[in-house]
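[1] no letters, just coordinates:
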Ligand code: NAD
Ligand code: G6P
Ligand code: MN
């Protein structure tokens with residue numbers, strides 16, 4: 001079986017230990033020769049890198065592992081897959097993305113609304129650099145990208161590298177949702193053949209076929225309306241995530257056609273959600289006090305003990321497993337179906353061709369082969385077109401350094417609406433992001 005060389009960008013990510021455990025678990029189906037991790041934060045990555053050495057010695061001795069801050073070691077001509085999960089500005093900037101809008105009475109969220117806009121403007125620069133670094137040495141490597149806000153990153157990269165067919169942006173939330181439906185129905189996420197449309201963090205499942213071709217969506221809808229909705233891994237989830245999943249019941253009650261992505265709560269009920277968000281303690285604070293602390297404490301404990309045999313660092317294995325099974329399907333031309341982010345080009349008939357839509361596709365060695373969605377109803381089309389205009393204007397604001405387009409983007413966003421508010425939030429975010437964003441004129 002052919003072995004592959006993988007580079008992980010953002011080796012110091014809180015999700016990396018789970019991903020590394022996933023690579024151990026799938027060493028028979030996705031065997032790796034060389035695995036390199038790279039990060040800009042030497043110390044943060046070293047904790048996870050030293051944990052990884054112990055883990056691999058015990059569980060994956062064949063893999064040739066190293067970690068580095070040196071691009072020439074991480075990006076080489078023999079790399080087959082680049083798994084990307086970087087966070088420009090770290091949690092310190094995420095905290096500002098969430099708190100600045102909230103201080104002005106607007107939704108403050110990592111990937112949605114003005115917070116997502118601010119994060120997007122930071123991520124594009126580093127992701128463009130990443131593509132340049134990889135393509136300088138490995139024109140054929142697959143770049144599988146988790147870096148958020150994936151919608152904005154995907155839009156910008158597709159405008160800047162329209163001919164590059166080996167950049168694939170992915171999100172683990174449709175996979176998390178499939179796992180949650182699976183737990184309700186006592187099925188595996190791989191038992192479903194889903195139909196999904198939308199933009200990243202802005203989409204809906206329209207059908208969920210089982211192996212016999214029966215659509216399980218109507219049954220799931222009834223179950224959610226009767227019993228509510230929880231994440232598959234609810235035992236490990238923070239309170240805010242449980243509240244987010246619980247909002248699915250309201251969305252299904254109000255708009256029963258399809259099953260929504262959880263992120264739609266910010267756009268459909270900004271008034272209600274805003275009341276629940278605490279401007280003094282946001283999700284960034286919850287993550288720093290929770291997942292980040294747990295992951296690094298656990299890695300340090302393992303380093304001290306010299307063994308990972310009793311480790312429990314995997315927080316949410318959907319994230320780690322999803323990117324590996326996506327890579328596996330491409331690597332071995334398996335053609336498995338996953339929900340991924342692709343240039344529309346007619347997949348959803350009545351949406352613009354240049355939108356980066358999230359849809360089901362068969363993943364082959366020659367890339368994604370999407371399934372046609374056809375026309376979507378007016379309500380969904382209207383919502384998506386507004387959000388797509390916001391995303392496109394955000395990319396253009398970055399590329400052209402345009403203040404006007406940034407203001408237009410935020411004004412269009414359903415979490416903002418007022419142009420006066422948009423200007424106020426934008427000016428505060430420009431101030432907070434000095435050195436990260438291009439200058440806007
Ligand atoms: P984190 O801050 O713990 O990890 C990110 C790491 O990236 C840090 O160690 C940081 O030093 C490093 N980094 C920053 N800039 C870099 C650069 N230019 N090159 C290399 N490394 C760099 O954050 P996290 O919460 O673990 O999330 C990691 C990323 O994955 C974020 O972008 C997050 O939004 C994304 N994510 C996406 C999905 C999805 O569904 N698409 C799911 C989970 C996480
Ligand atoms: C979901 C989303 C991701 C997001 C992640 C973690 O899985 O799809 O895009 O990064 O949640 O969010 P958190 O708030 O826990 O860092
Ligand atoms: Mn996501």
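    Yep, that arrived. Just so we're clear, the structure is a prediction, and the values are computed from it rather than from any experiment. Ligands and ions are numbered 1, 2, ... in the order given.

[2] nearest residue to residue 363 other than its sequence neighbours?
    With Cβ to Cβ, 6 or more residues apart in numbering as the measure, residue 329 is the residue that lies nearest to residue 363, at 4.0 Å, once sequence neighbours are left out. Glycine gets a C-beta too; all of them are placed from N, C-alpha and C.

[3] make sure that neighbour is actually in contact with residue 322.
    No - in terms of Cβ atoms under 8 Å, residue 329 does not count as a neighbour of residue 322; the distance is 11.0 Å.

[4] who has more neighbours, those two?
    It is residue 322, of residue 329 and residue 322, that has more neighbours when counted by other Cβ atoms under 10 Å, with 28 against 21.

[5] mind giving me the packing neighbours of the strand or helix carrying the more buried one?
    When elements are assigned from DSSP states H and E, residue 322 belongs to helix 317-331. Helices and strands touching helix 317-331, by 3 or more Cβ pairs under 8 Å, 6 or more residues apart in numbering; DSSP states H and E, are strand 4-9, helix 16-25, strand 81-84, strand 142-145, helix 173-185, strand 336-343, strand 356-364.

[6] how about a cut-off of 7 Å?
    Applying 3 or more Cβ pairs under 7 Å, 6 or more residues apart in numbering; DSSP states H and E, one finds that helix 317-331 contacts helix 16-25, strand 142-145, helix 173-185, strand 336-343, strand 356-364.

[7] got the angle between that helix and strand 4-9?
    140 degrees (axes from the mean of the first three to the mean of the last three Cα atoms, to 10 degrees).

[8] which residues are contacting helix 317-331?
    With contacts defined as Cβ atoms under 7 Å, 6 or more residues apart in numbering, helix 317-331 is touched by 4, 15, 18-19, 21-23, 26, 29-30, 81, 83, 142, 144, 146, 170, 172, 175-176, 179, 314, 334-336, 338, 363-365.

[9] ok, now stretch 381-394?
    For stretch 381-394, using Cβ under 7 Å, 6+ apart, the contacting residues are 117, 120, 151-152, 155, 198-199, 202, 350-352, 355, 405, 408-409, 412-414.

[10] only the buried subset of those residues, as a PyMOL command please.
    Only the buried members of these end up in this PyMOL selection, burial being decided by 16 or more other Cβ atoms under 10 Å:
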select buried, resi 117+120+151+152+155+198+199+202+351+355+405+408+409+412+413+414
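
[11] among the contacts of stretch 381-394, which are in strands?
    198-199, 202 (DSSP state E).

[12] stretch 124-136 near ligand 1 anywhere?
    Yes - Stretch 124-136 reaches ligand 1 (Cβ under 6 Å from any ligand atom) through residue 126.

[13] okay, buried residues for that stretch please.
    Buried, per 16+ other Cβ under 10 Å, within stretch 124-136: 124, 126-128, 130-131, 133-135.

[14] now do the strands in the stretch 101-250 of the chain.
    Listed in chain order, the strands found in the stretch 101-250 of the chain under DSSP state E, counting those that start in this stretch are 142-145, 167-169, 193-199, 202-209.

[15] okay, now the residue of the stretch 201-350 of the chain found nearest ligand 1: neighbour count?
    The stretch 201-350 of the chain approaches ligand 1 most closely through residue 319 (5.4 Å), counting by Cβ to the nearest ligand atom. For residue 319, the count of nearby residues is 22 (other Cβ under 10 Å).

[16] just residue 369 next, same as before
    Other residues lying near residue 369 total 12 when counted by other Cβ under 10 Å.

[17] what angle do whichever strand or helix holds residue 36 and helix 317-331 make?
    Taking DSSP H and E as the criterion, the element that holds residue 36 is strand 32-38. Compare the direction of strand 32-38 with that of helix 317-331 by the same axes, to 10 degrees and you get 130 degrees.
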